[in-house]
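>>> Build me a model from this:
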Amino acid sequence: MYDIEPRNRSNPYLIENFGMSNLVINRYIHRDRVTAIDIREKEEICDAILAAVKISVGEEINEQELLVLASYPLVDVLNPNISPRCNWMVIRDTNGKVVGVVLDYFGENNYRYFCYGDTDVIKLFLTTFPKTNGIATHPDDFRIVIPTWQIKRDELGNLLDSYWQLRDKPEIVTRVYNPLSEYELLSITLDHNFEVIDLQERHHSSILSLLENYQHHSYKSPEGHIGVIDKNTDEVLAMSGILAQAQRVGFLPISLSGNLVTRKGYEGKGLALAARAATLNKIKLMDLYNQGIVVSDANEKSLPLNQKLGYRTIRINSGLATFWWCIYRR
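Numbers count the residues shown, from 1 in each chain. Okay, the predicted model is just below:
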């Protein structure tokens, strides 16, 4: 079933090939890889991602919105700190045409799969892959991110085989983006007891308690995160972070923003708004990224907040571009 081989001797790619019905999956192995990853390999994966996203959308879309929808896997390919935690599965038909792409991302003590491509191919992958030894490293936890316009709510419970159960209520998020070429630095006035700061290692335990009820967070360390703290106790009351950044030559630079959380009991004070505005300000002052786009997945509560700061939505099939974030357990 498995055949590991280099693509060619002059430019060896570490690829694991396996069949799935009448399709072939080429798994590009970057996780824990020792050998250098050639830029041509990354370009090949990027091209496959964009092709798969176009298939998912199924209609004409401008280049900027295409980048937004493809942002998570694209950034993870190109960012040297994120790429070693990922594998990419490019699904091709018998003619070698890309019909799907799955980002296998190892993040915050769990694995997450971002799926794009033909709807039937996504469903086939989600039914088939959890049965393979490719999932042996995390046999009890399977997390997926999939477009809601392709997979309906009543289909989520039966996407995987009968050994897997959908845990809790799946979260639906709206993919939003902020074009920094149009963003102006913004300052939010807060009560004198609060302060906006770059979070440090000393805040780690406070951040973990802040995230206790936020199961889909992407937090690993305070680096890149801005918080609103209580000046008297140094407790983190709200937070926003820069998750990762990257740019492909010839394309707009992309910054992923996330982990927007407010501590229970401190809602409605503008703390999350101040933290997210400070995050945007920080990116706006970066020479490499200040003319790019900032992308985030916003849940129902955070969507209006993001829109106040200039984040925009994308429309697909007359509806918003939204995604399911799901957790399955055996």
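>>> How about residues contacting the helix or strand harbouring Ile45?
If you go by DSSP states H and E, Ile45 is part of helix 39-57. Contacts to helix 39-57, defined as Cβ atoms under 8 Å, 6 or more residues apart in numbering, come from residues 7, 11, 13, 28, 61, 66, 69-70, 73-74, 77-78, 83, 88, 90-91, 98-101, 103, 116-118, 147, 150, 248, 316. Using the backbone N, CA and C atoms, a C-beta is placed for each residue, glycine as well.
>>> again, only this time at 6 Å
13, 28, 69-70, 73-74, 77, 88, 90, 98, 100-101, 116-118, 147, 248, 316 (Cβ atoms under 6 Å, 6 or more residues apart in numbering).
>>> in that helix, what counts as buried?
41-42, 44-46, 48-57 (16 or more other Cβ atoms under 10 Å).
>>> for the residues you listed, which one is nearest Lys284?
Nearest to Lys284 out of those is Cys46 (Cβ to Cβ; 25.4 Å).
>>> What average pLDDT does the helix holding Ile45 get?
What helix 39-57 shows for mean pLDDT is 95.
>>> Sort out which residues of the helix or strand that that helix is followed by are buried, please.
Next along the chain after helix 39-57, taking DSSP H and E as the criterion, comes helix 63-69. Residues of helix 63-69 classed as buried: 65-69 (neighbour count, 16+ other Cβ under 10 Å).
>>> ok, now stretch 192-200?
If you call a residue buried by 16+ other Cβ under 10 Å, then stretch 192-200 has these buried ones: 194, 196-197, 199.
>>> what's the closest of those to Thr262?
Looking across the buried residues of stretch 192-200 and measuring by Cβ to Cβ, the closest to Thr262 is Phe194, at 11.7 Å.
>>> How far away from the center of its chain is the lengthiest strand in the chain?
The longest strand of the chain (DSSP state E) is strand 236-246. What separates the centre of strand 236-246 from the centre of its chain is 13 Å, taken as Cα atoms, centre = their mean, to the nearest Å.
>>> residues in contact with it?
Strand 236-246 is contacted by residues 75, 78-79, 82, 203, 206-207, 210, 218, 224-230, 255-256, 258-263, 266, 271-272, 275-276, 279, 289 when judged by Cβ under 6 Å, 6+ apart.
>>> out of these, which are inside helices?
Judged by DSSP state H, those include 75, 78, 206-207, 210, 271-272, 275-276, 279 as members of helices.
>>> Turn those into CSV, columns for neighbour count and distance to Trp324.
CSV is the format used below for the ones in helices among the contacts of strand 236-246 (neighbours: other Cβ atoms under 10 Å; distance: Cβ to Cβ, whole Å):
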residue, neighbour count, distance to Trp324
Val75, 23, 20
Leu78, 23, 25
Ser206, 21, 30
Ile207, 20, 26
Leu210, 24, 24
Leu271, 26, 28
Ala272, 25, 23
Ala275, 28, 26
Arg276, 28, 23
Thr279, 26, 25
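>>> and those residues as CSV, adding distance to Arg329 and pLDDT?
Converted to CSV, these look like this (distance: Cβ to Cβ, whole Å; pLDDT from 0 to 100):
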residue, distance to Arg329, pLDDT
Val75, 28, 96
Leu78, 32, 95
Ser206, 28, 96
Ile207, 25, 95
Leu210, 24, 94
Leu271, 33, 97
Ala272, 30, 96
Ala275, 32, 97
Arg276, 31, 97
Thr279, 32, 97
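>>> List just the nearest of the residues you listed to Ser162.
Comparing these against Ser162 with Cβ to Cβ places Val75 closest, at 34.9 Å.
>>> Might one say that the closest one is in contact with Ile254?
Yes - between Val75 and Ile254 there is a contact at 5.4 Å, judged by Cβ atoms under 6 Å.
>>> residue ranges with poor pLDDT in the stretch 151-300 of the chain?
For the stretch 151-300 of the chain, applying pLDDT under 70 flags no range at all.
>>> Which parts of it are strands?
Secondary structure of the stretch 151-300 of the chain, counting by DSSP state E, counting those that start in this stretch: strands at 165-166, 171-179, 194-198, 225-230, 236-246, 254-262, 293-298.
>>> center of the protein, which residue is that?
Tyr72 (4.0 Å; Cα atoms, centre = their mean).
>>> And it, how far from Ile82?
10 Å (Cβ to Cβ, to the nearest Å).
>>> so, if you compare the buried residues of helix 39-57, which one comes nearest to Glu171?
Using Cβ to Cβ, these come closest to Glu171 at Ser56, 19.1 Å.
>>> From Leu66, how far off is that closest one?
According to Cβ to Cβ, Ser56 stands 10 Å off from Leu66.
>>> Glu201: neighbour count?
9 (other Cβ atoms under 10 Å).
>>> Quick one: residues contacting it.
For Glu201, the contact set (Cβ under 6 Å, 6+ apart) comprises Pro222.
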